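Asker: Show me how the following folds:
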Amino acid sequence: MGIGVIINWTRTEPMGWSEVANLIIAAVGAVVALFYAWWNRSQIDWVEVNEFSFKLAHESNAIKENAQNILKELIIQSIIVSVGVVLFLVVFVDTRPWDAISFLVGVLSVILCAYFSLNVVCDTNVRLVLKARESVKYSFKIGLRAGLVVAFLSTAINVLFILLQVIIHRLAWLDVTKGEADAQKLFAIVSGHTFGVCVVALTLKIGGITYDMAGTLGHEILNKVDYPDAESLKNPGYLLWKIGENVATVGGTCMDILASTTLILLGMTWFAAGSKELGSTDGALYFPFVVLAFSIFLHIISYFIVVKLGIVNETEDASYVENCLLWVFNVYNLLMPFMLWGLVAWLLPDQFSSGDKKAAAPVDKYNVLWIGLEGMILNYLTPFINNIFVKRNSDVVKYVADSCRNSATTNILRAFTIGHFSGVIPFVLIVGCIYSAWAFLQYFGVAVLAFAISFPYIQVLVVKSLWPICHTAVSISRSLNDDEIVRRTNTLEYGAYISSEFFRTLEINISVFAGVLAFGMIIMKSGLETLDIMKVVLLCALMGGCALLYFLSACYMQCVSSAQIEIVSVIKAIVRGRAQHQGSGDEKETLERLLEKSSGAVLFPLIAVLLIPILIVVFFGMQILIAILIGVILAGLIKTYTMSNSCGILANVQDSVEKSSIKEAFKGATDALQAAMVGGSYGVGLREPYALAFVLFYKVLILITFYSFGLAESTSLLAKALDVELAKK
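Answerer: Sure thing, here's the model as predicted:
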């Protein structure tokens, strides 16, 4: 009784041993992740620092300093928006004080994750180049350690902040009665935290990609006007590109993946809280937290087996990087089913209700295992299928590259034809898996499927962090005039890029299922059984949802394009005063001017995506909004996969044509290269601000809708006039 009584000093009855054990396991997993991140960081810092490395550090300090400044600016914007959201929740949605506190804690956690992660990535560039003097293997390990720091540190901070709130609530604020009250309040904690994480992640994603795209254009234009040091960090356009890339990838993409995973954790908690058996069983209630803790252990074991034991043959080409990361993924997925089977047998009751009141009978706990396996298989199939079409050296990319003999138009049309065809395949697989999971466990099955899809998110964070490190290291190594170091860093960059393409599909999968799961939560909370789309008003709402996502993406692209237009104006001034902008003292001034013009109006799409669902609820009611969200999902899912593949093919075709062995095969190589460059610019320019914007916005649209129910129950100004029944429990 000792520990239980001490921990539960404010309650008349102690917490059960099962609850104490699960909280301890979850906390231990987070602490182990924190310690593992610290250990990898210490290994990075032990790389020898000498006069040689100080010279390199001078090359990369500008990236770190300016990237930190951009991140601080985006953080300030996210804080302003977060304060506004808190005031709105407290004043209009009848939010309890601790819900607002959980929201602010979520905001704080993701800000800390982004800040520390960006510092680690920027500090590793130089050390990776230093290790490149020895071999590809040693330099890869340094970059890999930085990725591990980002992934495990972000996971540890996020989970520890959630658990800290859970423990405080369990000690002081929860009712004595166990069961549904405890489960619902646990959900409230995770809910507020998730909302805070998603709001900040959205801000960082929008702002980061805006800087990245502006920098890409600045670099391309300065190259065309023969600005000195075209591929060097001394070139302000090139430097701006590297700064934006680091902020967009680490501060934006990685934090967005973290937000999606937290949203899936929220969904698991929600459906567990809605089930009488799961909500009243300590083991089942904390099931997702315990699974996450053991997933952390398995990731560490997988990296140890592959990297430390050296099961991949060491080579000096990009295949070594690709094979290492792929084998970690394979080993993890091989071990995960056994771990999941043990936790299902240990923590879940033999039979339980799914949380859906319309479900006929309780379901068997091992259905959770089968759905989890289905999610892991889907994680295997979708990236491998996409790789067939998108991978740099694939036959499909070579086939599209051949069309550059004709024109850029033919190149783009062929890429979009194949990209749209290839994007349909994973979409069909996902739809089939969602239906199968729902047939087994209703919406709780969808939650389990989404949870299984998110299992490898730690490795996705590792790979996404590795890419900007290797890409920036290539730029730094060029200042050394050492062909061998440049070759090795180029090898790392190529291997990291190929791996990033593979794991990009997993990134999209996680975001897609996070949004689908949030939509299921809305349906369950509203109690809505059917939606008659034959009613004209609901059919119009559904079509309006499709248009809404395009509108928000257009707002996003407007931010990018306006920033790029400003960049062009600065570069024109540089060209006009060319002689005055070649000295060593003018690059810094030029960079400051470029940075000043790169920000774009990032707050507008952010505020729009937060306000539009609320305004629809106020004026039209929840049923109209749900119809709009269905349209958002239909447009978002298919467009995300098809546009991502199409733009990826165009970008990789440019790389293929630029290779001398392929370029020489073309008659009229100059025309072919020009066609490939046009298509590549088109693909790179649209892939992030257009393709991924769909899944980004639809996910946040659904999440903010979940918080609009307080308004829906009290206000619907036009719903009565439209004779639309307000969706209530």
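
Asker: The stretch 151-300 of the chain: helices as residue ranges?
Answerer: Taking DSSP state H, counting those that start in this stretch as the test, the helices found in the stretch 151-300 of the chain are 180-224, 236-246, 255-274, 276-279, 282-285, 287-303.

Asker: Including distance to Ser465, mean neighbour count and mean pLDDT, could the ones you listed go into JSON lines?
Answerer: Backbone N, C-alpha and C define where each C-beta goes, glycine included. Shown next, in JSON lines, are the helices of the stretch 151-300 of the chain (distance: least, Cβ to Cβ, whole Å; neighbours: other Cβ atoms under 10 Å; pLDDT from 0 to 100):
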{"stretch": "helix 180-224", "distance to Ser465": "13", "mean neighbour count": "25", "mean pLDDT": "73"}
{"stretch": "helix 236-246", "distance to Ser465": "10", "mean neighbour count": "27", "mean pLDDT": "75"}
{"stretch": "helix 255-274", "distance to Ser465": "10", "mean neighbour count": "27", "mean pLDDT": "80"}
{"stretch": "helix 276-279", "distance to Ser465": "35", "mean neighbour count": "21", "mean pLDDT": "68"}
{"stretch": "helix 282-285", "distance to Ser465": "33", "mean neighbour count": "22", "mean pLDDT": "66"}
{"stretch": "helix 287-303", "distance to Ser465": "14", "mean neighbour count": "22", "mean pLDDT": "91"}
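
Asker: Let me have those helices in a markdown table, extended by distance to Asn367.
Answerer: A markdown table is the format used below for these (distance: least, Cβ to Cβ, whole Å):
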| stretch | distance to Asn367 |
| --- | --- |
| helix 180-224 | 20 |
| helix 236-246 | 43 |
| helix 255-274 | 13 |
| helix 276-279 | 13 |
| helix 282-285 | 14 |
| helix 287-303 | 14 |
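
Asker: Could you pull up phi and psi at Ser135?
Answerer: With angles defined as degrees, to the nearest 10, Ser135 sits at phi -170, psi 170.

Asker: isn't it right next to Arg488, touching?
Answerer: Yes: under the criterion of Cβ atoms under 8 Å, Ser135 makes contact with Arg488 at 7.3 Å.

Asker: Which residues are in contact with each of these two?
Answerer: Residues touching both Ser135 and Arg488 comprise Glu316, with contact defined as Cβ atoms under 8 Å, 6 or more residues apart in numbering.

Asker: So which of those two has more stuff around it?
Answerer: Arg488 (27 against 14; other Cβ atoms under 10 Å).

Asker: ok, now which ones touch the more buried one?
Answerer: Applying Cβ under 8 Å, 6+ apart, the residues contacting Arg488 are 132, 135-136, 139, 316, 477.

Asker: how about the helices of the stretch 151-300 of the chain, which one is nearest Ser569?
Answerer: Across the helices of the stretch 151-300 of the chain, Ser569 has its closest neighbour in helix 180-224 (11.0 Å, Cβ to Cβ).

Asker: Okay, Ile157 and Val149: tell me how far apart.
Answerer: 12 Å (Cβ to Cβ, to the nearest Å).

Asker: quick one: which of the two has more around it?
Answerer: Per other Cβ under 10 Å, whichever of Ile157 and Val149 has more neighbours is Val149, with 28 against 23.

Asker: Would you mind measuring from that one to Val121?
Answerer: 9 Å.

Asker: can you check Leu413 too?
Answerer: 38 Å.

Asker: One more: Pro349?
Answerer: Taking Cβ to Cβ, one finds Pro349 at 44 Å from Val121.

Asker: Between these two, which has more neighbouring residues?
Answerer: Val121 (29 against 14).

Asker: Please give the element, helix or strand, for that one.
Answerer: helix 97-131 (DSSP states H and E).

Asker: Which strands or helices does that helix pack on?
Answerer: helix 17-45, helix 51-92, helix 136-168, helix 180-224, helix 236-246, helix 255-274, helix 457-477, helix 483-526 (3 or more Cβ pairs under 8 Å, 6 or more residues apart in numbering; DSSP states H and E).

Asker: Including distance to Gln442, could the ones you listed go into a markdown table?
Answerer: As requested, those are arranged in a markdown table below (distance: least, Cβ to Cβ, whole Å):
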| stretch | distance to Gln442 |
| --- | --- |
| helix 17-45 | 25 |
| helix 51-92 | 29 |
| helix 136-168 | 26 |
| helix 180-224 | 18 |
| helix 236-246 | 43 |
| helix 255-274 | 9 |
| helix 457-477 | 25 |
| helix 483-526 | 9 |
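
Asker: Out of the ones you listed, flag the one nearest Phe304.
Answerer: It's helix 17-45; of those, that one is closest to Phe304 (Cβ to Cβ) at 10.4 Å.

Asker: what angle separates that closest one from helix 457-477?
Answerer: 10 degrees (axes from the mean of the first three to the mean of the last three Cα atoms, to 10 degrees).

Asker: Helix 17-45 relative to helix 287-303, how many degrees between them?
Answerer: 30 degrees.

Asker: now helix 17-45: mean pLDDT?
Answerer: On average, the pLDDT along helix 17-45 is 87.
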